[in-house]
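J.: have a look; sequence and predicted model below, questions after that.
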Amino acid sequence: MKISILTILIIFVSLSVYAESYWVFFTDKDLERRGGENAVLQEVENYLSPQSIWRRTVRGQGVTIADALPSPYYVNDVKDVGYEIIGQSRWLNAVIIESDTRDNFNQLSLLDFVDRIEPVNRFAIERDQTAKFDQNNSELNYGFSEFQLSQVGITRCHNEGYRGEGVIIAILDSGFKFRHEALERFAQQDSTKIIDQWNYVDDTSSVAVGSPDETGHGTRMLGIIAGYQSGQLIGAAKNASFCLYKSELDDGLDDYIVEEHWWVLAAERADSAGADIISSSLAYKTFLDSLNWSYQDMNGTTAYASQSAFQAYRAGIVVVTAMSNVTWLSTGLAPQLDTCIKIPADADSIISAGGVDSSGSHYLNLSSANNRWYASACGPTFDGRTKPDLSASWWALSVDPDNDSAYYYGGGTSCATAITAGGVALLLQAHPSWNVHDVLYALKSTSSRSGSPNDSTGWGVSNFYAALHTQTPEVEPVTSSSIRSIYPNPFNPAVNNQVTFDIVLLDRTNVAVYVYTLDGFLVWYEDLGVLEDGSWTVTWDGKNESEENVASGLYFVMLDTGYGTDMKRMVVVR
């Protein structure tokens, strides 16, 4: 019998919003004292839901040591030093402690299994653009929510009977209320629709705790995905099931406040509960102290939320997150839009959602109401990957959190994220065996800029109907560690910032990737060190080791592991 995820998934105790919290990272998972690798993997399977194990088997890399909780021996040793453990992260192999800021951690640092100690980051996040909506009845069942769905082909998917049945979407946001007429079915505590919920801000199982300010944003995002009131609002995936996690605090003034570990723990809980999709509509960058993430940190591997988003991908979860909104006074200096990407949108192998206007163009608009410019953030990431990945409508009709029978227009990449996450649910309903790369391939190959992605709308406006009917490439059974695919191929650096090498490892091993010319001259390589078994991605920007553009022509890409090599051909065109 599976152990309840509410009691074992994440150990989390009461946390003050303003407490001084710290990550304590461990060096390893302490396998020997825990009975060996097989025993630890069995522990993991005991607290993962059957749906999570199935998803990992079909779409991910299965269960690995990275999914194990930190060593209980290490945890007890930290407690014995005198610290309270307020949370544990499987994927980061870390615990979270509370401490007086004057503590220099001398005694804790002497423990040989402690790798490093870092403060938990707290962020301030700008709000969405909003406008009240004067409701009018419409002859169409969708009411005024039709355009936001038809622009990306979702209404045509609905016409074929796909509404999200059997798919689990985890929403990480600021809280949720179910009083509105379009959400009232959730208030009936229908366990078939709400699979799991937890409030990390208030340390309670109720995600509806808090003022209207605190729960408004999450309620609107739930409405975009799951709302249903004929003639007014139909959500993108109204029949899906949900995991709802309150991982942000709206202070009711100017900002949403979030501690980064709330996002990490919520993502891990979503994994264990069996979520197929994570929809995260708030993006983070500006801290409430002096430790802001810089643009150089937007590389997919520095921020802990971005690391966790990539681990979720490896577990077979489609992560959809907002690119972020950029606002500034019309009388002020405009920011550099291509350096405004925020975590976890910089993560690799996820969907970072950008916002577009009604014509499908990058959203940039001056609001006459407050004399402010609003824009969807642009890429690329600091390491040159194209972002956003896909785009959807900046504006979306949803429920009005302040009026149980009124509706509300919100604007921002939050809305684009919720629309996109709902659309992905329809694809997974139709193709339950698709993995994350199948979803990305189907969407990117059918979107409005599939042949010429850019850093303002990515591969363009999604077309979920076309993606629904896309045949994903046949993949041969993997019998050895290999390069699974190279895309785009041919690779034109003037069109795409980088080429991606998808590799599959059957064992934990040292990994290096090399690019050779036709006559065997080495132009580029990357030593990745020791990687766990599973699926990995490596990117190359088309430059040699001297940072010079390589010439057009045929090249060989070689994967070198401790068990052998694999080689594929690719073409560079300029």
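T.: Great, that's in hand.
J.: what about the stretch 301-450 of the chain, any weak spots by pLDDT?
T.: Along the stretch 301-450 of the chain, the model assigns pLDDT under 70 to residues 332, 337-338, 368-369.
J.: tell me where this protein has helices.
T.: Ranges of helices within the chain are 5-8, 37-47, 50-59, 72-81, 106-109, 146-150, 154-159, 184-187, 212-226, 260-273, 304-314, 413-430, 436-444, 464-468, based on DSSP state H.
J.: export these to TSV and tack on mean neighbour count and distance to residue 524?
T.: Where you see a C-beta, it was placed from the backbone N, CA and C, and this is true even at glycine. Formatted as TSV, the helices of the chain follow (neighbours: other C-beta atoms under 10 Å; distance: least, C-beta to C-beta, whole Å):
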stretch	mean neighbour count	distance to residue 524
helix 5-8	14	44
helix 37-47	15	35
helix 50-59	18	31
helix 72-81	15	39
helix 106-109	12	39
helix 146-150	20	43
helix 154-159	21	41
helix 184-187	15	52
helix 212-226	26	42
helix 260-273	27	33
helix 304-314	25	23
helix 413-430	29	33
helix 436-444	22	23
helix 464-468	24	33
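J.: for the ones you listed, give me CSV that also has distance to residue 94.
T.: Below are the helices of the chain laid out as CSV (distance: least, C-beta to C-beta, whole Å):
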stretch, distance to residue 94
helix 5-8, 18
helix 37-47, 17
helix 50-59, 21
helix 72-81, 10
helix 106-109, 13
helix 146-150, 39
helix 154-159, 39
helix 184-187, 33
helix 212-226, 26
helix 260-273, 9
helix 304-314, 8
helix 413-430, 27
helix 436-444, 25
helix 464-468, 37
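J.: closest to residue 167 out of those?
T.: For the helices of the chain, the distance to residue 167 is smallest for helix 413-430, at 4.3 Å, taking C-beta to C-beta.
J.: now the angle between helix 436-444 and the closest one, please.
T.: 110 degrees (axes from the mean of the first three to the mean of the last three C-alpha atoms, to 10 degrees).
J.: now residue 236: how far from residue 449?
T.: 21 Å (C-beta to C-beta, to the nearest Å).
J.: quote the end-to-end distance of stretch 79-92.
T.: Chord length of stretch 79-92, first to last residue, is 19 Å (C-alpha to C-alpha, to the nearest Å).
J.: neighbouring contacts of that stretch?
T.: Stretch 79-92 is contacted from outside by 10-15, 19, 21, 23-25, 66-70, 75, 78, 94-99, 107-108, 111, 261, 264-265, 267-268, 304, 307-308, 311, using C-beta atoms under 8 Å, 6 or more residues apart in numbering.
J.: the same query, at a cut-off of 6 Å, please.
T.: In this structure, residues lying in contact with stretch 79-92 by C-beta atoms under 6 Å, 6 or more residues apart in numbering are 11-13, 15, 67, 69-70, 95-98, 107-108, 261, 264-265, 268, 304, 308, 311.
J.: that older thread, more neighbours: residue 236 and residue 449, which one.
T.: Higher neighbour count among residue 236 and residue 449: residue 236, with 32 against 17, using other C-beta atoms under 10 Å.
J.: contacting residues around the more buried one?
T.: Going by C-beta under 6 Å, 6+ apart, residue 236 touches 149, 154, 225, 419, 422-423.
J.: closest to residue 502 out of the helices of the chain?
T.: For the helices of the chain, proximity to residue 502 was assessed by C-beta to C-beta; helix 436-444 is nearest, at 6.7 Å.
J.: tell me the helices and strands packed up against that closest one.
T.: Helix 436-444 sits against no helix or strand, with contacts defined as 3 or more C-beta pairs under 6 Å, 6 or more residues apart in numbering; DSSP states H and E.
J.: can I get that helix in PDB, CA atoms only?
T.: Output of helix 436-444 as PDB, limited to C-alpha atoms (Å, rounded to 0.1, in the frame of the first residue of the first chain):
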ATOM      1  CA  VAL A 436       8.000  15.800 -23.200                       C
ATOM      2  CA  HIS A 437      10.100  15.900 -26.400                       C
ATOM      3  CA  ASP A 438       7.200  14.600 -28.400                       C
ATOM      4  CA  VAL A 439       5.000  17.400 -27.100                       C
ATOM      5  CA  LEU A 440       7.700  20.000 -27.900                       C
ATOM      6  CA  TYR A 441       8.300  18.600 -31.300                       C
ATOM      7  CA  ALA A 442       4.500  18.600 -32.200                       C
ATOM      8  CA  LEU A 443       4.100  22.100 -31.000                       C
ATOM      9  CA  LYS A 444       7.200  23.700 -32.400                       C
END
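J.: what about that helix, distance to the chain center?
T.: 15 Å (C-alpha atoms, centre = their mean, to the nearest Å).
J.: now do it and helix 304-314, the angle between them.
T.: Angle, helix 436-444 to helix 304-314, by the same axes, to 10 degrees: 100 degrees.
J.: any idea how far residue 268 is from the closest residue to residue 37 other than its chain neighbours?
T.: Ranked by C-beta to C-beta, 6 or more residues apart in numbering and with sequence neighbours excluded, the top spatial neighbour of residue 37 is residue 31, at 5.4 Å. Residue 31 is 20 Å from residue 268, where distance means C-beta to C-beta.
J.: just residue 348 next, same as before
T.: Relative to residue 268, residue 348 is positioned 19 Å away (C-beta to C-beta).
J.: now residue 279
T.: 16 Å.
J.: surely residue 566 touches residue 484?
T.: No: judged on C-beta atoms under 6 Å, residue 566 makes no contact with residue 484 at a distance of 9.5 Å.
J.: which of those two has more neighbours?
T.: Counted by other C-beta under 10 Å, residue 566 and residue 484 do not tie: residue 484 has more neighbours, with 19 against 16.
J.: ok, the closest residue to the more buried one other than its chain neighbours - how many residues close by?
T.: Nearest residue to residue 484 in three dimensions, chain neighbours excluded: residue 502, at 4.3 Å (C-beta to C-beta, 6+ apart). For residue 502, the neighbour count with other C-beta under 10 Å is 17.
J.: residue 502 bridge partners, please.
T.: With beta bridges defined as DSSP bridges, residue 502 has these partners: residue 485, residue 537.
J.: let me see the contact set for the residue sitting nearest the centre point of the chain.
T.: Centroid check for the chain by C-alpha atoms, centre = their mean gives residue 319 as the closest residue, at 3.5 Å. Contacts for residue 319 (C-beta under 6 Å, 6+ apart) come out as 278, 309, 312, 350.
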